[in-house]
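Engineer: mind looking at a prediction? Sequence and model below.
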Amino acid sequence: MTTKERNTFEQTVISSILKSKELFMEVFNFCHNNEAFMIMENRQLFDFAVEYFYEYGKEPGLRTLNQHLVSKENSSRLKEYLKDHIVNAEYALNPVDYVRRLLDDNIDHEINDAVKTTGGPGFDRAIALNESIGGIITKYTSNYSRVLTNAEVGRRVYEDLEKAVKGEHSDYIPTGFKTLDKDIVGIPKRDLTIVASRPGMGKSQFMVALLRNFIKQGIKCGIFSLEMSVDSLWHRLLAAETGINALKIERGDLSEEEMKKIKSAIGELSKDNYIIDDNGHQTPESIKAKISLWKAKSSLEVVMVDYLTLIDYNCDERRNDLNIGKLTKNLRAFSKKTGIPIVFLSQLNRAVESRVDKRPQMQDLRESGDIEQDAATVMFIYRPSYYGLDSFKDSKERYMTKEGVMLKAEEYAEIIIRKARSGITGAHPMRCVLSLQRFEEVTPAFASTDLSSNYGQ
């Protein structure tokens, strides 16, 4: 391929992805980086297009990319190149084929260069060539799945079982709640987990509790906070960490002593073991792209999304349940491919309110039965006191906090496991203090029945 032909191919790809959102995602999912482009201007434009996508969560067009370049230093030359060479460049319906041709050409050049530059006597040269070409193969095929032999799978399974015997489960991320992990093992990798409730039950507080547990375990977590700003989420984290009322922190109504506590907590929470993205506009494509980036740069281990129905489904179905079904299947396949578990917060519909005990059931998941099908684990948050119910009134059950204090009825909550693909369903009592953004484990104060036997699927 001549330099002129390569430039034409590259310009066609850039032109096509900037004129069609669908083609942008096709090319992006095939090739995240700029390795297909050799012409400097085309490489830079591709980099800026990807940068725009990561920053704003949507595919750039010609106009938006031009506006994006305005904010960049020394971009006048690129803007002129965009106007003179890309706007009127050929448009292709199959730009991925063009990218393949460009990558093939890259490989040809690199192999030819290796053959030309590798010296030494015959045997030494053969060894050097083998290493060079092996490196080229690894470079260009690292994103493709490899087929495992039965022996490799068997060895891996046995190693995983050895870890499980020691209490280490390579296929799960521990929630940090011991009683919960005992029944569900943890958050399953390569799968979806749903945490759902009616508004006001404490979904965001439970997410904060999980995040704190992940931080304490050194687990790298990413959060898509579509509803709350990063500042509001930090206020909640600080409340949970310091024991200071979240409303006081939000208002700035703090004493000197409380400010000292907050300063110390900020030091702990500033450790680089979690990422927060509070862009309110997210599509399945932007979520996948950012997870891929975080995984590559930060060894990401688990992702939480607050919350499911705020994602822009980017689908053309008229029914929301079909849109959500497509979304969950899309992200479940991505989770399986990358090994990154995704925890979705979700709303329950109003059918819960019509029951006497207000206890949520699987059919209460809003919009779609596909959520139940696609998720490996489904758990509900239930606080009887929200509905004016006293769980202790006609029951002998009593619980103690970790400080040894009897649990108050208004602090009683349950994490109800309605689906656990590799675990046990049932209810787990907890202490919930919303003002402090805390969910904490409790222990039975007296000999009592196992709650998990009361609520099955």
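Structural biologist: That came in fine, so what should we check first? Numbering: from 1, shown residues only.

Engineer: in space, what's closest to Ile287 - neighbours in sequence excluded?
Structural biologist: Phe224 (6.2 Å; C-beta to C-beta, 6 or more residues apart in numbering). All C-beta atoms are positioned from the backbone trio N, CA, C, and that covers glycine.

Engineer: quick one: average confidence on the helix or strand where that neighbour lies?
Structural biologist: For Phe224, the element it lies in under DSSP states H and E is strand 221-225. Per-residue pLDDT over strand 221-225 has a mean of 92.

Engineer: what's next to that strand, contact-wise?
Structural biologist: 207, 211, 214-215, 233, 273-279, 282, 287, 290-291, 294, 300-306 (C-beta atoms under 8 Å, 6 or more residues apart in numbering).

Engineer: what about 6 Å?
Structural biologist: 211, 214, 233, 274-278, 282, 294, 300, 302-306 (C-beta atoms under 6 Å, 6 or more residues apart in numbering).

Engineer: direction included, what does it pair up with?
Structural biologist: Sheet pairing of strand 221-225 (DSSP bridges) gives strand 274-277 (parallel), strand 302-306 (parallel).

Engineer: which of those has the lowest mean pLDDT?
Structural biologist: strand 274-277 - the lowest mean pLDDT of the strands paired with strand 221-225, at a mean of 88.

Engineer: alpha carbons only: can I get that one in CSV?
Structural biologist: Extracted C-alpha coordinates of strand 274-277, given in CSV (Å, rounded to 0.1, in the frame of the first residue of the first chain):
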residue,chain,number,x,y,z
TYR,A,274,-11.7,3.7,43.1
ILE,A,275,-12.9,5.8,40.3
ILE,A,276,-16.1,7.9,40.1
ASP,A,277,-17.7,9.1,36.8
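
Engineer: residue ranges in the stretch 201-350 of the chain under the pLDDT threshold?
Structural biologist: Residues of the stretch 201-350 of the chain meeting the criterion pLDDT under 70: 272, 314-321.

Engineer: those helices in it, which residues are they?
Structural biologist: With DSSP state H, counting those that start in this stretch as the criterion, the stretch 201-350 of the chain has helices at 203-217, 230-242, 246-251, 256-269, 284-298, 320-338.

Engineer: can you say which of the ones you listed is nearest to Ser435?
Structural biologist: Between Ser435 and those, the shortest gap by C-beta to C-beta is with helix 246-251, which sits at 5.9 Å.

Engineer: tell me what the closest one is packed against?
Structural biologist: The contact analysis (3 or more C-beta pairs under 6 Å, 6 or more residues apart in numbering; DSSP states H and E) places helix 246-251 against helix 230-242.

Engineer: how far off centre is the helix it packs on?
Structural biologist: Centroid displacement of helix 230-242 relative to its chain, using C-alpha atoms, centre = their mean, to the nearest Å, is 20 Å.

Engineer: who does it touch, helix- and strand-wise?
Structural biologist: helix 203-217, helix 246-251, helix 256-269.

Engineer: list buried residues within the contacts of strand 221-225.
Structural biologist: Among the contacts of strand 221-225, those classed as buried by neighbour count (16 or more other C-beta atoms under 10 Å) are 211, 214, 233, 274-278, 282, 294, 300, 302-306.

Engineer: quick one, longest helix in this protein?
Structural biologist: Ranked by residue count and defined by DSSP state H, the top helix of the chain is helix 95-117.

Engineer: now the element after it, going C-ward?
Structural biologist: Toward the C-terminal end, the helix or strand that comes next after helix 95-117 (DSSP H and E) is helix 122-141.

Engineer: before we move on, the earlier item: so what's the residue nearest to Ile287 bridging to?
Structural biologist: Assigned bridge partners for Phe224, using DSSP bridges, are Asp277, Val305.

Engineer: if anything else comes up later, I'll come back, but that's it for now.
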